[in-house]
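Undergrad: Return atomic coordinates for the entry below.
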Amino acid sequence: MLNQTVSVMTRKRSGMTGRSSGAVGGKPEKLSESSEMYLQVIWRLTEREREVSVSDIAKAMGHSLSTVSEKIVRLTEGGLLRHEWREGVSMTPKGRQAACRTIRKRRLLETFLFKMAGYGIHELHEEACRLEHVISERLSDALDRLLGYPMHDPHGHPIPARDGSFRPELLEPLSEVDEGRTVRIAQLRSADPEVLEYTARLGLLPGRSCTVMQKAPFQGPLTIADGSERIAIAFEIASIIDVQAEPGERFDEAGGANGSGPPARQSAAQ
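TA: Numbering: from 1, shown residues only. Next up, the predicted model:
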C-alpha cells in the first residue's frame, strides 16, 4: 500500500515516473544537504541489491515512513531515483553519479583530516559529514592533487574517480575466512566511533596482514596472529573488517576464501 501511494504521488506531481530535471551536461546541479544524504544512504543500500524498500531507507535514515516517502517522490521527480508500485526504489545513472560526487568529497576530506590534520580514524566521519555538503568540485579536485590522488580513504574505502567510477575489489569479511588463511585488511565497514577507536587500538587497520588461527563455533570469537602477536576479537568486530587475499592467494568467486563460504563481493561501501 505504501509503495502504491508513493508511486501515485509521483505520477500526479510529475506526470511521469523518473522525469529528469535540472542541469543537463556541464556543471552538476546543486542538491540540498538532505538530498545528498538520502542519495548516499540509498547508494549504500543498493550496492548489493539493485532495489531497496522504502522501509529499509526509513530505517537507515532514522526517519518516519511518511517523511521518507515524500522525499522519494521529490527525488524521483528530479530524475535521481526510480520507484514504481510493487517495486523497490533504485537509482538512476544521474542519481548514482550525484551520490558518487558526494562520497568522493567525503572520502577525500577524511583522508585529508587523517593525513594532514592529525585526526584519529574514529573522529573522521562526523567532521567530514559536515564539510562534504559545502566544498566545491574545484576544492575536492585540489584535495585530490594535494593528497597525491589516493585510491582509498583511511578506512580502506575506495575513493571514486572524478567521473564516479570505482575500481572493483574482491573482498570478504574476516569472519568468513577459513582457519590458516593469511589475508590483508582492506577496509572497515563501520562509522561507529567507538568501534573504529577499538579497532585502531588493536592495530586492525587497512594494510595490516594477519592469519586466522582459530574460530570458535556459533559465531564465537576469532583468534588472529600477526607474527608472534595474537589477538582475540569478537565475531561482530570481525564481520565489519573486510579483507583481501594476500599476493599469491585468491578468493574463489564461486565460494569465498579457500573455495568455501559465501561468494566474495565487489565492494565500495560505507
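Undergrad: Just want the phi and psi numbers for L45.
TA: L45 has phi and psi values of phi -70, psi -30 when expressed as degrees, to the nearest 10.
Undergrad: Return the distance of it relative to S90.
TA: Remark: distance between L45 and S90 (CB to CB, to the nearest Å) = 10 Å. From N, CA and C alone the C-beta is placed, and that goes for glycine too.
Undergrad: list residues touching both of those two?
TA: Listed contacts common to L45 and S90 are V52; contacts here mean CB atoms under 8 Å, 6 or more residues apart in numbering.
Undergrad: Which residue ranges of the stretch 1-150 of the chain form strands?
TA: Shown for the stretch 1-150 of the chain, the strands assigned by DSSP state E, counting those that start in this stretch span residues 81-83, 89-91.
Undergrad: Dump those strands to TSV, plus distance to P206, mean pLDDT and mean neighbour count.
TA: Formatted as TSV, the strands of the stretch 1-150 of the chain follow (distance: least, CB to CB, whole Å; pLDDT from 0 to 100; neighbours: other CB atoms under 10 Å):
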stretch	distance to P206	mean pLDDT	mean neighbour count
strand 81-83	32	94	22
strand 89-91	27	94	22
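Undergrad: possible to save those as a markdown table with distance to P154?
TA: Formatted as a markdown table, the entries for the strands of the stretch 1-150 of the chain read as follows, by distance: least, CB to CB, whole Å:
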| stretch | distance to P154 |
| --- | --- |
| strand 81-83 | 30 |
| strand 89-91 | 26 |
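Undergrad: Just tell me which of these ends up closest to R106.
TA: Distance to R106, taken as CB to CB, is lowest for strand 89-91 among the strands of the stretch 1-150 of the chain, at 17.4 Å.
Undergrad: what packs against the closest one?
TA: For strand 89-91, the contact count by 3 or more CB pairs under 8 Å, 6 or more residues apart in numbering; DSSP states H and E identifies helix 33-45, strand 81-83 as packing neighbours.
Undergrad: Quick one: residues in contact with it.
TA: When contacts are defined by CB under 8 Å, 6+ apart, strand 89-91 is touched by residues 39, 42-43, 46, 50-54, 57, 72, 80-83, 99.
Undergrad: pull the CA atoms of stretch 232-245 into PDB?
TA: Once side chains and other backbone atoms are set aside, the C-alpha atoms of stretch 232-245 remain, and they are given as PDB (Å, rounded to 0.1, in the frame of the first residue of the first chain):
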ATOM      1  CA  ALA A 232      41.200 -12.300  20.100                       C
ATOM      2  CA  ILE A 233      38.300 -10.400  18.500                       C
ATOM      3  CA  ALA A 234      34.500 -10.700  18.700                       C
ATOM      4  CA  PHE A 235      32.700 -12.200  15.700                       C
ATOM      5  CA  GLU A 236      30.700  -8.900  15.400                       C
ATOM      6  CA  ILE A 237      34.000  -6.900  15.000                       C
ATOM      7  CA  ALA A 238      35.400  -9.500  12.500                       C
ATOM      8  CA  SER A 239      32.300  -9.200  10.400                       C
ATOM      9  CA  ILE A 240      32.800  -5.500   9.700                       C
ATOM     10  CA  ILE A 241      36.500  -5.900   8.800                       C
ATOM     11  CA  ASP A 242      36.700  -6.600   5.100                       C
ATOM     12  CA  VAL A 243      39.900  -8.400   3.900                       C
ATOM     13  CA  GLN A 244      41.500  -9.300   0.600                       C
ATOM     14  CA  ALA A 245      43.800 -12.200  -0.300                       C
END
